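Asker: Give me coordinates for this.
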Amino acid sequence: MNDILIQNTTAFFEKSFGSAPEKTVLSPGRINIIGEHIDYNDGYVLPAAIDKVICFAFEKSNSKTSKIIAIDLNEEFEIDLTQEVKLSDVVWTNYIRGVIKQLQDNGFSFEGFNCVFSSNIPVGSGLSSSAALECGMIFGIASLFDLKIEKKDISLLGQKAEHWVGINCGIMDQFSSVHGLENKVIKLDCNTLDFEYHNADFKNYSLILFDSNVKHSLFTSEYNTRRIECEEGLSILKNHFPEIKTFRDASEEQVLNLKDKMSPKVFSRVHFVVKEINRVTKACAALDNGNIELLGELLFETHYGLSQEYEVSCEELDMLVDTSKTDENIIGSRLMGGGFGGCTINLVKKGHENEVKSKFSKLYLDTFGIELKFYDVKISNGTTLL
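Answerer: Modelled structure (predicted):
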């Protein structure tokens, strides 16, 4: 699939600029296996790069001006590198403007370039197309002008570019886009950026995302509320157990002991967070031992917590997961990402994928009048130069 994308992007570049590109870069989207809503709660996440990518073709323009063409949008823009970088009304260009600004602000010297890009990452599906765009641009500019930038710093520059655009994201998306390895998941500490790889051989199961095709508007306000509730819960834990510095120091038993000291909402949030941090560790062990059935059980447990305790699910996602629990061909399912819409991630028995898709499509359409989309994903390498 990516071979065709590479051919088309390269051909478009040659047609636009009259020469073959000097550098071609692939930058992937990502999934998160488990560890949801704990990146900002001192926990670990378990992301992986996937085989859905943005393909970029680059050359030096031998001037101070850069021209960037988005093939899929049929849009382009030029930017003068000698002028101050400012936000534009054309939103997609801001991610690239943000990258250029971060590189300049951090003392990297480069000239103008020409670039075209095209993607097979479904936009708005929670697979982090924006992180792939930022990291691919940084990687390409660095390769073109021989800038020495460590992988970790590419991730951080990409995150800063997104913050500049106005989206206060964590580091997981950019980090996994850059550091991904084929058939490996990344256990990442979002605070220290310490990480380790674990095997991601799902054996007799395929990874399929079910895209609910809904995005409820609650997300931003509820996200901020969750952060406040978790901070309140952590301070109560610290007051009663001075040895606790972060949620990862707390046991479920300690949380249960303080149930009557917290409001019901705060207790539910904290209970979920502490159990989810433990589930990430259990998931790593399950993957290392090839116990994919246990991993599936952990996914179901996480969804229950996200739905009932953290309350970031919605009717559509709950219906998909509840139906998955009764399907003998699915051993694990949960909502993936911030919640209130987006995708569920599912472990489906190989050989039964089409049967499952057909059943869920019909049921979902009958229930909500909405078309369900499916993305088959494989765990792949991070941002790479072809």
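Asker: what's the offset of the longest helix along the chain from the middle of its chain?
Answerer: The single longest helix within the chain, with elements called by DSSP state H, is helix 264-288. In terms of C-alpha atoms, centre = their mean, to the nearest Å, the centre of helix 264-288 is found 19 Å from the chain centre.
Asker: What's the first helix or strand after that helix?
Answerer: Using DSSP states H and E, the helix or strand that follows helix 264-288 in sequence is helix 292-304.
Asker: Quick check: buried residues in that following helix?
Answerer: Residues I292, L294, L295, G296, L298, L299, F300, E301, T302, H303, Y304 are the ones in helix 292-304 that count as buried (16 or more other C-beta atoms under 10 Å). Placement of C-beta: from N, CA and C, glycine included.
Asker: cool, and stretch 280-294?
Answerer: For stretch 280-294, burial by neighbour count (16+ other C-beta under 10 Å) applies to V280, T281, K282, A283, C284, A286, L287, I292, L294.
Asker: pLDDT weak spots in this protein?
Answerer: Within the chain, the stretches with pLDDT under 70 are 218-220.
Asker: Where do the domain boundaries of it fall?
Answerer: According to automatic domain parsing, the chain comprises the domains 2-201, 205-377.
Asker: closest one to T383 among these?
Answerer: The closest of the domains of the chain to T383 is domain 2-201. By C-beta to C-beta, the value is 4.4 Å.
Asker: end-to-end on the closest one?
Answerer: 21 Å (C-alpha to C-alpha, to the nearest Å).
Asker: which residues touch L5?
Answerer: V53, C55, S118, S119, N120 (C-beta atoms under 8 Å, 6 or more residues apart in numbering).
Asker: Highest neighbour count among these?
Answerer: Using other C-beta atoms under 10 Å as the neighbour test, the contacts of L5 are led by V53, with 28 neighbours.
Asker: thinking again about what came up before, for the longest helix of the chain, packing partners?
Answerer: strand 44-45, strand 184-189, strand 195-199, helix 219-240, helix 252-257, helix 292-304 (3 or more C-beta pairs under 8 Å, 6 or more residues apart in numbering; DSSP states H and E).
Asker: Recalculate using a threshold of 6 Å.
Answerer: Using 3 or more C-beta pairs under 6 Å, 6 or more residues apart in numbering; DSSP states H and E, the elements in contact with helix 264-288 are strand 195-199, helix 219-240, helix 252-257, helix 292-304.
Asker: How many neighbouring residues does L87 have?
Answerer: By other C-beta under 10 Å, neighbour count at L87 equals 14.
Asker: gap between the residue lying closest to it once chain neighbours are set aside and L347?
Answerer: Of all residues beyond its chain neighbours, the one nearest L87 is N94 (5.5 Å), with distances taken as C-beta to C-beta, 6 or more residues apart in numbering. According to C-beta to C-beta, to the nearest Å, N94 and L347 sit 37 Å apart.
Asker: go on, N8?
Answerer: Computed as C-beta to C-beta, the N8 to L347 distance reads 32 Å.
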